[in-house]
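Q: Structure, please.
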Amino acid sequence: MLYPEETVLRNVQMLQLARPSNQAHKAFDGYFNNRHKSPAYPKLAGSDAELYDPILKGDLVALVRRTDEDRLTIWLREKFPKLFTRHHVRNSSVASYSDYRLGVVVGAINVIVAAGMLFGAIYNLYYVQSEQKKLGLIAGYTVAFAICIGLLTNARRSEVFGACAAYAAVLVVFVSGNLGG
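A: As a prediction, this is how the structure comes out:
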């Protein structure tokens with residue numbers, strides 16, 4: 001028997017569960033309504049046929065939600081799902097994806113972009129002679145670096161500021177340390 005406090009606690013826990021992602025909801029809706037068949041029809045009949053109506057999407061919860069949902073991961077998962085398909089069920093639209101493979105690709109892209117931003121800026125600053133142009137380039141590269149961090153990761157604002165400060169400091173040390181000339 002549940003006491004009133006336990007019931008309230010369980011209700012609070014249920015309300016804190018996350019909503020399913022759009023991709024998960026689309027897959028569930030396609031499976032439930034047999035969208036891969038012509039004509040499409042729901043798996044349940046009668047009054048239960050509209051049990052999982054798309055309008056009621058807000059009433060569904062996901063028991064497991066991916067924790068590392070940055071923009072690049074979401075974009076790659078939605079635009080290039082075949083690259084990460086690990087297992088495809090025969091005669092069905094259901095497939096499982098390799099999160100490990102997706103994580104490796106996202107990590108590689110992040111490393112390549114970060115290294116390219118750093119070495120590209122240093123290479124460019126090495127050949128510029130004007131001090132005003134160098135300062136303008138440092139500011140421009142720092143803004144571009146901040147945009148890349150904002151688009152490719154799920155870093156918080158304070159982390160973006162810290163990374164940009166470190167990036168700008170490396171570029172300023174390169175320019176002022178007479179390493180480039």
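Q: Please count neighbours and contacts with C-alpha atoms only from this point.
A: OK.
Q: residue ranges of the strands in the protein, please?
A: With DSSP state E as the criterion, the chain has strands at 85-88, 95-97.
Q: Note down every partner strand of the shortest one and its orientation.
A: I take that to be strand 95-97. In the sheet, strand 95-97 lines up against strand 85-88 (antiparallel) (DSSP bridges).
Q: and the strand it pairs with, what's its mean pLDDT?
A: Across strand 85-88, pLDDT averages out at 71.
Q: Same question for stretch 128-137.
A: Here the average pLDDT along stretch 128-137 is 91.
Q: Identify all contacting residues around it.
A: Here stretch 128-137 makes contact (Cα atoms under 8 Å, 6 or more residues apart in numbering) with Leu125, Val175.
Q: quick one: that stretch to chain centroid distance?
A: Centre-to-centre, stretch 128-137 and its host chain are 35 Å apart (Cα atoms, centre = their mean, to the nearest Å).
Q: Enumerate the positions of it that are buried.
A: Residues Lys134, Leu137 are the ones in stretch 128-137 that count as buried (16 or more other Cα atoms under 10 Å).
Q: So which residues of this structure form helices?
A: Taking DSSP state H, the helices of the chain run over residues 4-15, 22-32, 71-79, 99-127, 131-152, 157-176.
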